[in-house]
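S.K.: for reference, the sequence and a predicted model appear below.
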Amino acid sequence: MSSAPQGTVLLTGVNGQVGFELARSLQGLGKVIALDRGKLDLDNPDAIRRIVREMKPSLIVNPAAYTAVDKAESDIDAAMRANGEAPGVLAEEAKRLGAALVHYSTDYVFDGTKDGAYVEDDAVNPQNVYGKSKLAGEQAIAASGCDHLIFRTSWVYGARGKNFLLTMLRLGAERDELSVVADQIGAPTWANTIAALTAHVLAQGVRADRDWWEQKSGIYHLSASGSTSWHGFAEAIFAKSSLAKKPAVKPIPASAYPTPASRPANSRMSQRKLFDAFGIEPPDWADALDLCMRGL
């Protein structure tokens, strides 16, 4: 990859939570061409190859994904195409061009049985189709041999799209009491945080030579620091919200709220490798939530 910052950056999924924020945070790192699903459909490998070959980017940033975790249980082929096969196609094209690929994965590649925070080389064992499809994407990228950064993140939320934050605010305005799962632990991560930290990393990469990419290529955990339960996250949302009448939030076990897809009980991930490699320390989840809520 060229060390010059003027190269083309191809950004997928620009209308998604993370893609929307990346389109803003990647400014200054090159000419950003941001495409939505209508322009770059992850279901169509031939179209992916054609677009990448036409644009000849020096960097591909791929936040686009199939993210309907429960729907994926009955829509396996679509999840695998978008999350497993498409990243592999992007990686193959990046390798052919001598470009680098940034891709996003998930805490759901783990089974959640570890006592403590997961590190990048812990054994993977996804318990749902979504997690399996994202793991397939990780493996396809690694197998391609392209220069790549895979950022695993968790519990993504933001001011747009479908996410836990917006669901809680909507339900909280309608109901006096909400029941929220209290025995699944993780780090709620603001989409803006993901985009900002990605930009900080890539600001180092665009000024570096090929050796930097070869040395840094791999998987990193990029989520907010600290942890809470979904119940704790909900309580924090309402504490910071401007709702005139705030609902009571009742803690329940995951067994009381069955879903088609199984979720890990422990989604905590260590960000030590991210700090050691790039000198970047993610904010505490509660501090990031405060910033997000101020903007709503």
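M.R.: It's in. All values reported here derive from a predicted model rather than from experimental measurement.

S.K.: check contacts around I280.
M.R.: Residues near I280 by C-beta atoms under 8 Å, 6 or more residues apart in numbering: L197, H200, V201, L274. For the C-beta atoms, the positions are set from N, CA and C on the backbone; glycine is no exception.

S.K.: if I look at the second one, how far off is G28?
M.R.: Okay, so that is H200. H200 is 12 Å from G28, where distance means C-beta to C-beta, to the nearest Å.

S.K.: one step back: restricted to helices, list the contacts of I280.
M.R.: When the contacts of I280 are checked against helices (DSSP state H), the matches are L197, H200, V201, L274.

S.K.: residue contacts, the second one?
M.R.: By C-beta under 8 Å, 6+ apart, the contact set of H200 is F278, I280.

S.K.: quick one: it and S223, what's the gap?
M.R.: Distance, H200 to S223, by C-beta to C-beta: 15 Å.

S.K.: now do the same contact list for the nearest residue to G186 once chain neighbours are set aside.
M.R.: Closest residue in space to G186, ignoring its immediate chain neighbours: S267 at 3.2 Å, by C-beta to C-beta, 6 or more residues apart in numbering. Residues in contact with S267 (C-beta under 8 Å, 6+ apart) are D107, Y108, F110, G112, S154, W155, Q184, I185, G186, A187.

S.K.: shouldn't the last one be in contact with S227?
M.R.: Yes: counting by C-beta atoms under 8 Å, S227 is a contact partner of A187 at 5.2 Å.

S.K.: for this protein, give me the ranges with low pLDDT.
M.R.: Applying pLDDT under 70 to the chain flags the ranges 1-6.

S.K.: any chance you could map the strands in it?
M.R.: 8-11, 31-34, 59-62, 100-106, 147-153, 156-157, 177-181, 185-186, 189-190, 218-221, 228-229, 248-252 (DSSP state E).

S.K.: just give me how far the first one sits from the chain centre.
M.R.: Spelled out, it's strand 8-11. Here strand 8-11 is found 18 Å from its chain centre; the criterion is C-alpha atoms, centre = their mean, to the nearest Å.
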